[in-house]
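1. Sequence plus the predicted model coming up.
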Amino acid sequence: MPKPRYSQVSLASTPYYHCVSRCVRRAFLCGTDTLTGQSFEHRRQWIEDKILVLARIFALDVCAYAVMSNHYHVVLHVNQQAACSWSMDEIIQQWHQLFSGHALSQRYARGEQMTSAELATLQQITSTWRERLMDISWFMRVLNESIARQANAEDDCTGRFWEGRFKSQALLDEVALLACMTYVDLNPIRAGIAHTPEASDHTSIQRRIHVTNPSVTGLFPVVGHLRQDMPPGLPLHQYEYL
């Protein structure tokens, strides 16, 4: 029997998780359907763009990703420290990029006068949003729902596009993290889609190679080995990983 997500995510054990989501229909998520000849290759860009956009909204960092023909991989880092540092204003701003929010948050964003009771209620609401903005399940939900709506509209159909649950695996140490990132980044090469990491379109490894400025990649940066004054990032050197 599948375990609930909250029992699979323990930030006390690790902030790193590998997630996989697979298309449930015969129609391809991406690539070309050999039966009809129709190409869905453009959907790879949908997913890659959405992953990077959501990483700027959620308190989740993207360590690695690869978009395949009927599934995708993403390795996430839960940035609990960032989420806890957000003010109520910042939480509302982030949440409103995803949803319309609450009537109280809309009034607050417009700068309207509010009573102390209304502000107390809004504090409770934003406390829930803070938790959701560092929740892997909410990240995957927003990502998958948006892609499903786009694909269903393009296919002129309704119904389930993804499998009922995404798969999640905790990465408990640096060895597991590095092995998983390597597995994800080399997925297109093993599948015969690309011959080199540089040519692996819609993967994090290609992005790390070609976009040299860490602030532009949208990915969790690599910052060197563990040390006392270590900034947020992956505990390895870029050249070592490549």
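-> Cool, got the structure.
2. Going along the chain from the longest helix that the chain contains, find the next helix or strand for me.
-> Secondary structure of the chain per DSSP state H: the longest helix is helix 136-155. Downstream of helix 136-155, the first helix or strand assigned by DSSP states H and E is strand 167-170.
3. who touches the helix or strand following that following strand?
-> Per DSSP H and E, the first helix or strand lying C-terminal to strand 167-170 is helix 174-185. Residues outside helix 174-185 that contact it (CB atoms under 8 Å, 6 or more residues apart in numbering): 16, 18, 63-66, 73-75, 169, 171, 197, 200, 203-205, 234-236, 241. Glycine gets a C-beta too; all of them are placed from N, C-alpha and C.
4. any idea of the mean pLDDT for the longest helix of the chain?
-> The average of the pLDDT scores along helix 136-155 is 90.
5. ok, how many other residues are close to the spatially closest residue to T158 that is not a sequence neighbour?
-> Nearest non-adjacent residue to T158, counting by CB to CB, 6 or more residues apart in numbering: N152, 6.0 Å away. Using other CB atoms under 10 Å, N152 has 15 other residues around it.
6. And for F220?
-> If we define neighbours as other CB under 10 Å, then F220 has 23 of them.
7. How much space separates the most centrally placed residue in the chain from D185?
-> Per CA atoms, centre = their mean, the C-alpha nearest to the average position across the chain is that of I51, at 4.8 Å. As judged by CB to CB, to the nearest Å, I51 and D185 stand 14 Å apart.
8. that older thread, next, the buried residues of the longest helix of the chain.
-> By 16 or more other CB atoms under 10 Å, the buried positions in helix 136-155 come out as I136, S137, W138, F139, M140, V142, L143, N144, S146, I147, A148, A151.
9. What sits closest to the fifth one if chain neighbours are left out?
-> Yep, that's M140 we're talking about. F166 (5.0 Å).
10. which one of the buried residues of helix 136-155 sits closest to G159?
-> Checking those against G159 by CB to CB gives A148 as the nearest, at 9.3 Å.
11. Find the nearest non-adjacent residue to that closest one, please.
-> F161 (3.8 Å).
12. how much space between that neighbour and L52?
-> Taking CB to CB, one finds F161 at 21 Å from L52.
13. same check, this time on L178
-> When L178 is compared with L52 (using CB to CB), they lie 22 Å apart.
14. now do Y241
-> 19 Å.
15. Before I go, just wanted to say thanks for your time.
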